[in-house]
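> This is the structure alone, sequence omitted:
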Ligand SMILES: CO[C@H]1[C@H](O)[C@@H](O)[C@H](O)O[C@@H]1C(=O)O
């Protein structure tokens, strides 16, 4: 099979499945003349049915029995009863019904984009083995802006990218666009992603110059039929770097005028441009605080420039600075929460998942629920910077589900804050840092495709379960056979926990080597910034281990709503999975399991190794169910993961033993090597941050 097909493989169904599908897809009927978006929907249905059922349905205008009918209010076959208003701008209805005496399937939407989304949904249902003769479903996205964030540099390196070079071939753009961009847009449309930020948040001003805007516009032209809008990361100091101004002070009239003119220029190139994403006053990026102004001052200036064109500002809340030596985890809340209500209406504050930084496990961010008068977007990381890059298998659907379902204590879950329902926000956003590159398999490994997929599906509907999404993906990507699909899903469902246990169990975080963020380095204590050192985070010593964020420590726990803060302030009521994120505890602390903390920590590292070994065995058993090429590729990665899980265990147990001076609990297998071995490990395949 071709590695380019992602989950859109449309492998032939069983004979019975084919017969069933043919009967409900005898023709694709629409109103025409077709827009490019409607053309894409029709083409997708015909291509999908042709591949799945072995016969391509003709396209037509007549309502034949067994037709698939693409209906909009302008082309609604007589007799069709629908509450169009419920479908909004992007939603769709799939309905099997009798129209003019004929049994047909209606895919209905208010817009052609809704029809495209509905067509993909119908094809998904066909592959999931749904009862296509009894379809009656409506789906409307719960989140408005469903965005990929590419951390792609203009030299085609990708910050934290593990799938080859950037797919944006800036050199050849705008003249050469090639088929890959359309494939990319099609894949995004298939899971409901409707916007993409092309360039790294560590932005170069150059990306806003006329030549680059022309290149971005060429991509926007390719993406447009698929409903995918282009956004750009903007460098805050661009007025100085590009405009020759003395300052980028957001309250300076000349600076404001520069941004207004720049926005006008961007919209001349791309009339449907989405807006700017901004990383400001974070990790050395310029921002309004350089001029004594606030994040709101900075965001509102850009918002004012974009507003006449309908654009939005996505202003990131991922901020930390070394002056804040106390507790990095608390800085975003401290800077942003007091600004609630001060942002312009077309600003979304984009909050990273995890108060620290995309760790294998963190509590949800305390800003969710705490800024009721500000649209808060959720930023997830699809690329696995801290979860083993593309070499380790970790399905992130379960991580996404965990954060979305977390109860903020402000009257609803993170999902209800993000979809705007809890606090009545109309501007809503979810962003995923992309894991896409030039690798033949797009994402660096087969299973990393599932994380792109899961992000899109869960941004459309944050209430989808990780399991349901894994089932869809596995059926489309690997096998429709029930037993094989279930085995793959089981493997996926446990995989993120396995990685958390392998690297940072019990709420430990940021034990990865600095720079690469891949292998273990709990011993590092000599980097220029305290909060780049793993020792800053684990604080292991003879007295115990963990970061005390309770009232006896940094008290960052107080940033959470009272019901949550109360629970997490006390180690007895803190879930074991978050224990050492909030508490510094003695090694002989008694865990709910009855073990001491030390014994529990050892047990978790053992569990991590065992789980990874188990994944390897389960995958081996699927030989024959999956094509040989992909089976071998995944097996090779799992072997690397098994080796590295042992490295993690050995490095962490060895180091924590030296810090605690404790012997290993009885019966525990000692690490394979002494600490010096692990300290000397290099990770040659681990790219750094890129330029
Ligand atoms: C884009 O920079 C990244 C940086 O590479 C990464 O290590 C950290 O996760 O977060 C930064 C951010 O999110 O801004």
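All right, it came through fine. Remember, predicted model here, so these are calculated numbers, not experimental data.
> check contacts around the spatially closest residue to residue 65 that is not a sequence neighbour.
Computed as C-beta to C-beta, 6 or more residues apart in numbering, the closest residue to residue 65 that is not its neighbour in sequence is residue 102, at 4.4 Å. (Each C-beta comes from the backbone N, C-alpha and C, glycine too.) Residue 102 sits next to 63, 64, 65, 66, 67 when contact means C-beta atoms under 8 Å, 6 or more residues apart in numbering.
> got the buried residues for stretch 160-172?
By 16 or more other C-beta atoms under 10 Å, the buried positions in stretch 160-172 come out as 160, 161, 162, 163, 164, 165, 166, 167, 168, 169, 170.
> go on, stretch 503-515?
Those would be 503, 504, 505, 506, 507, 508, 509, 510, 511, 512, 513, for stretch 503-515 by 16+ other C-beta under 10 Å.
> for stretch 11-29, same thing?
Within stretch 11-29, the residues scored as buried using 16+ other C-beta under 10 Å are 11, 13, 17-18, 20-22, 24-29.
> what does this protein have sitting close to the ligand?
151, 159, 160, 201, 202, 279, 283, 318, 357, 358, 385, 689 (C-beta under 6 Å from any ligand atom).
> just the buried members of the residues you listed?
By neighbour count, with 16+ other C-beta under 10 Å, the residues of the chain next to the ligand hold 151, 159, 160, 201, 202, 279, 318, 357, 358, 385, 689 as buried.
> what's residue 187 in contact with, if anything?
Counting by C-beta under 8 Å, 6+ apart, residue 187 touches 6, 7, 8, 442, 452.
> Looking at it now. What's its pLDDT?
Looking at residue 187, its pLDDT reads 98.
> how about the residue nearest the centre of the chain, secondary structure?
Nearest to the geometric centre of the chain sits residue 432, at 3.2 Å (C-alpha atoms, centre = their mean). Following DSSP: H, G, I helix; E, B strand; the rest coil, the label given to residue 432 is strand.
> In JSON lines: the residues of the chain next to the ligand, plus secondary structure, distance to residue 533 and pLDDT.
Formatted as JSON lines, the residues of the chain next to the ligand follow (DSSP: H, G, I helix; E, B strand; the rest coil; distance: C-beta to C-beta, whole Å; pLDDT from 0 to 100):
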{"residue": "151", "secondary structure": "coil", "distance to residue 533": "24", "pLDDT": "98"}
{"residue": "159", "secondary structure": "coil", "distance to residue 533": "21", "pLDDT": "96"}
{"residue": "160", "secondary structure": "coil", "distance to residue 533": "20", "pLDDT": "96"}
{"residue": "201", "secondary structure": "coil", "distance to residue 533": "24", "pLDDT": "98"}
{"residue": "202", "secondary structure": "coil", "distance to residue 533": "22", "pLDDT": "98"}
{"residue": "279", "secondary structure": "coil", "distance to residue 533": "23", "pLDDT": "98"}
{"residue": "283", "secondary structure": "coil", "distance to residue 533": "16", "pLDDT": "92"}
{"residue": "318", "secondary structure": "coil", "distance to residue 533": "19", "pLDDT": "97"}
{"residue": "357", "secondary structure": "coil", "distance to residue 533": "14", "pLDDT": "96"}
{"residue": "358", "secondary structure": "coil", "distance to residue 533": "18", "pLDDT": "97"}
{"residue": "385", "secondary structure": "coil", "distance to residue 533": "18", "pLDDT": "96"}
{"residue": "689", "secondary structure": "coil", "distance to residue 533": "17", "pLDDT": "43"}
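> Looking at these, which one is closest to residue 583?
Ranked by distance to residue 583 (C-beta to C-beta), the residues of the chain next to the ligand are led by residue 357 at 19.8 Å.
> mind listing the strands in the stretch 201-350 of the chain by residue range?
Ranges of strands within the stretch 201-350 of the chain are 229-233, 275-278, 312-316, 347-352, based on DSSP state E, counting those that start in this stretch.
> Which strands or helices does the shortest one pack on?
Contact partners of strand 275-278 among helices and strands, from 3 or more C-beta pairs under 8 Å, 6 or more residues apart in numbering; DSSP states H and E: strand 229-233, helix 295-306, strand 312-316.
> same thing but 6 Å
The contact analysis (3 or more C-beta pairs under 6 Å, 6 or more residues apart in numbering; DSSP states H and E) places strand 275-278 against strand 229-233, strand 312-316.
> just to revisit the earlier point, which members of the contacts of residue 102 are the farthest-apart pair?
Those two in the contacts of residue 102 that are separated most widely, counting by C-beta to C-beta, are 63 and 66, at 10.2 Å.
> could the strands of the stretch 201-350 of the chain go into TSV alongside mean neighbour count and distance to residue 647?
Output for the strands of the stretch 201-350 of the chain, formatted as TSV (neighbours: other C-beta atoms under 10 Å; distance: least, C-beta to C-beta, whole Å):
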stretch	mean neighbour count	distance to residue 647
strand 229-233	23	35
strand 275-278	28	36
strand 312-316	27	33
strand 347-352	26	28
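> quick one: which of those strands is nearest residue 329?
Among the strands of the stretch 201-350 of the chain, strand 347-352 comes nearest to residue 329, with 11.5 Å by C-beta to C-beta.
> quick one: the closest one to chain centroid distance?
In terms of C-alpha atoms, centre = their mean, to the nearest Å, the centre of strand 347-352 is found 14 Å from the chain centre.
> before we move on, what about stretch 97-115?
With C-alpha atoms, centre = their mean, you get 32 Å for stretch 97-115.
> if we can go back for a sec, now mean pLDDT and distance to residue 405 too, for the helices and strands packed on strand 275-278, in JSON lines please.
Converted to JSON lines, the helices and strands packed on strand 275-278 look like this (pLDDT from 0 to 100; distance: least, C-beta to C-beta, whole Å):
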{"stretch": "strand 229-233", "mean pLDDT": "98", "distance to residue 405": "28"}
{"stretch": "strand 312-316", "mean pLDDT": "98", "distance to residue 405": "24"}
